[in-house]
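In: Let's see this in three dimensions:
(one chain, ligands or ions: 1)
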Amino acid sequence: MTIQLGVTFAGLRFENPFLLASAPPTESDSNILRAFDAGWGGVVTKTIGLHPVVNVVGPRTKFLRALADSPHLSMNKAGAGTALHSSWNWELISNKTLDWWVPRLGRIKQAHPSKMLVASIMAGSGSDAELRHWQTLARACQDEGVDALELNLSCPHMDRKDMGSNIGKDQELISVVAQVVKEVARVPVWAKLTPSTTDIVVEARGAFLGGADVVTSSNTFPSLPLIDPETLEFEVNVDGLVSSGGLGGPAILPQSLAKMSQLTQAFPDKAFSGIGGIGEFAHALNYFLLGCGTVQVCTAAMLDHAVGPNVIAQLLTDMRATMERHGWATLEDFRGLRRQAVVPHSQIRRPDAESYRGGYDLDESTSEPSPAAHVRG
Ligand SMILES: Cc1cc2nc3c(=O)[nH]c(=O)nc-3n(C[C@H](O)[C@H](O)[C@H](O)COP(=O)(O)O)c2cc1C
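Out: From the prediction side, this is the model:
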């Protein structure tokens, strides 16, 4: 049996379904070129914007680690006897300008025409002028030959109410932004949503109604670093102060999967790119079995020579071995296989089938559990 790692995803041909997510691993042309040489099927650039970006003093990302045989978690311990729990970051979008990016996007694409280059873009959305910024960014990137645009509707640490995850919580604004970009886009448009919302299906519907071709999830989860019990300072701080940042890495894998399961069940025929906590193929497999057509990696790659050469090599080896073991020829043979295994709680078997009705009383008139017992949640 010939095994094919290549996938067609929302109209694009990827030589494998693994991308570097928009983040430090894709912050420069040199990183992206190294990533392609290492074997990644695609990259999403660090988010490109038009407004000035100045990052905080000091580290923008730190890694929280667990100590073996102890409940202790700390960013200040690494090495033997520790295991990665999560990344925490408060980095803003790219601090390089659109003018810096534009010629480089063209050169990357020329050097690697068969690799998929996705440009992540972000602008405000509070006025018509702001909305036109999305179009300026989209046009400039696609004119350089990028294969798709990913709309950053999910950065969790923006002060502006009309940017990042603040837009990502507003289904109408998501629709408007997607529509505005679609007006000028000649390439597929991906919408990267925030997990920080009550029902991500609502925002995804907004994105699809606006014309988005793909929904990407998850960006990092809003969070704080821990307070050191000795110094009483946050483990990341500037002058004793901290601000909400984003949690990534292993800690968010189960949470991101829960979001993705909601999305792929609600829109079984739509295209999804899964992100969150992927460090090995077994993790990626979860996203594929829930219905994703590609996956993206950030934290694991940051910790592996900045662009994840060993991570991608192992992903490819393990994907091939897993497919061989299960007798799968392409990703389509297993994509979505477990999508329907996530059901309302009331549908999970009990020792006594009559004893539980989803928390509802027995309806005396019909002697049937109320239909509301099957409502999600
Ligand atoms: C330091 C850092 C910077 C990031 N910058 C961006 C960004 O500019 N745009 C974006 O869409 N996501 C950004 N992300 C989010 C990642 O793309 C990804 O969604 C998140 O880290 C979860 O994946 P992971 O668990 O593999 O890290 C950033 C993440 C980190 C850790």
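In: Would you state the helices of the stretch 51-200 of the chain in chain order?
Out: In the stretch 51-200 of the chain, the segments counted as helices under DSSP state H, counting those that start in this stretch are 98-111, 128-143, 165-168, 171-184, 200-209.
In: Neighbours of residue 122, how many?
Out: A count of nearby residues for residue 122, using other Cβ atoms under 10 Å, gives 29. In short, each C-beta sits where N, CA and C put it, glycine included.
In: just to revisit the earlier point, winner for burial among the helices of the stretch 51-200 of the chain?
Out: helix 165-168 (a mean of 26; mean count of other Cβ atoms under 10 Å).
In: Residues in contact with that helix: which ones?
Out: 125, 153-156, 158, 160, 173-174, 177, 193-194, 196-197, 203, 219, 222 (Cβ atoms under 8 Å, 6 or more residues apart in numbering).
In: could you give the mean pLDDT of that helix?
Out: In this model, helix 165-168 has a mean pLDDT of 78.
In: do stretch 187-194 as well
Out: 97.
In: In this protein, what helix or strand scores lowest on average pLDDT?
Out: Lowest mean confidence among the helices and strands of the chain (mean pLDDT, DSSP states H and E): strand 368-369, at a mean of 50.
In: For residue 13, what are phi and psi?
Out: Phi and psi for residue 13, reported as degrees, to the nearest 10, are phi -100, psi 120.
In: pretty sure residue 273 is in a helix, no?
Out: No: if the criterion is DSSP: H, G, I helix; E, B strand; the rest coil, then residue 273 is strand and not within a helix.
In: That one is in contact with residue 216, isn't it?
Out: Yes: between residue 273 and residue 216 there is a contact at 4.3 Å, judged by Cβ atoms under 8 Å.
In: The two - which one has more neighbours?
Out: Just comparing residue 273 and residue 216: by other Cβ under 10 Å the higher neighbour count belongs to residue 216, 32 against 27.
In: Give me the three-state assignment for that one.
Out: Applying three-state DSSP: residue 216 is strand.
In: thought it was touching residue 276?
Out: No: the pair residue 216 and residue 276 does not pass the contact test of Cβ under 8 Å, sitting 10.4 Å apart.
In: circling back to that earlier point, adding distance to residue 65, write the helices of the stretch 51-200 of the chain out as TSV.
Out: Putting the helices of the stretch 51-200 of the chain into TSV (distance: least, Cβ to Cβ, whole Å) gives the following:
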stretch	distance to residue 65
helix 98-111	34
helix 128-143	37
helix 165-168	26
helix 171-184	35
helix 200-209	29
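In: Minimum distance to the ligand: which of those helices has it?
Out: Smallest distance to the ligand across the helices of the stretch 51-200 of the chain (Cβ to the nearest ligand atom): 10.0 Å, for helix 165-168.
In: related to what we said a few turns ago, out of the contacts of helix 165-168, which are close to the ligand?
Out: 154, 155, 219 (Cβ under 6 Å from any ligand atom).
In: which of those lies closest to residue 318?
Out: Closest approach to residue 318 among these (Cβ to Cβ): residue 219, at 25.5 Å.
In: what are the bridge partners for the residue of the stretch 51-200 of the chain found nearest the ligand, then?
Out: Proximity of the stretch 51-200 of the chain to the ligand (Cβ to the nearest ligand atom) peaks at residue 89, 3.5 Å away. As for beta bridges, residue 89 partners with residue 61, residue 246 under DSSP bridges.
In: Model confidence at it, what's the number?
Out: Reading off the model, residue 89 has pLDDT 97.
In: What is the burial count for it?
Out: 25.
In: which residues does it contact?
Out: Contacts of residue 89 by Cβ under 8 Å, 6+ apart are 60, 61, 62, 220, 245, 246, 248.
In: do the same with residue 262
Out: Counting by Cβ under 8 Å, 6+ apart, residue 262 makes contact with 199, 200, 201.
In: got it, and residue 107?
Out: residue 29.
In: Residue 18 now?
Out: Residue 18 neighbours (Cβ under 8 Å, 6+ apart): 40, 41, 42, 284, 294, 295, 296, 297, 312, 315, 316.
In: just those residues that are near the ligand?
Out: Restricting the contacts of residue 18 to those near the ligand - Cβ under 6 Å from any ligand atom - leaves residue 297.
In: out of the contacts of residue 18, which one sits closest to residue 77?
Out: Closest to residue 77, out of all of these and judged by Cβ to Cβ, is residue 297, at 24.1 Å.
In: Give the closest residue to that closest one in space, chain neighbours not counted.
Out: residue 278 (4.9 Å; Cβ to Cβ, 6 or more residues apart in numbering).
In: Surely that neighbour and residue 294 touch.
Out: No: at 11.2 Å, residue 278 does not count as touching residue 294 under the criterion of Cβ under 8 Å.
In: quick check, nearest of the ones next to the ligand among the contacts of helix 165-168 to residue 101?
Out: Nearest to residue 101 among those: residue 155, at 17.1 Å, using Cβ to Cβ.
In: List the contacts of that closest one.
Out: 47, 92, 93, 122, 163, 164, 165, 219, 246.
In: Of the residues you listed, grab the buried ones for PyMOL.
Out: Entered in PyMOL, the line below selects the buried ones among those, by 16 or more other Cβ atoms under 10 Å:
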select buried, resi 47+92+93+122+163+164+165+219+246
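In: Out of the contacts of residue 155, list just those in strands.
Out: residue 246 (DSSP state E).
In: Export the contacts of residue 155 as JSON lines, with columns for distance to residue 141.
Out: Output for those, formatted as JSON lines (distance: Cβ to Cβ, whole Å):
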{"residue": "47", "distance to residue 141": "11"}
{"residue": "92", "distance to residue 141": "19"}
{"residue": "93", "distance to residue 141": "14"}
{"residue": "122", "distance to residue 141": "12"}
{"residue": "163", "distance to residue 141": "18"}
{"residue": "164", "distance to residue 141": "18"}
{"residue": "165", "distance to residue 141": "22"}
{"residue": "219", "distance to residue 141": "19"}
{"residue": "246", "distance to residue 141": "24"}
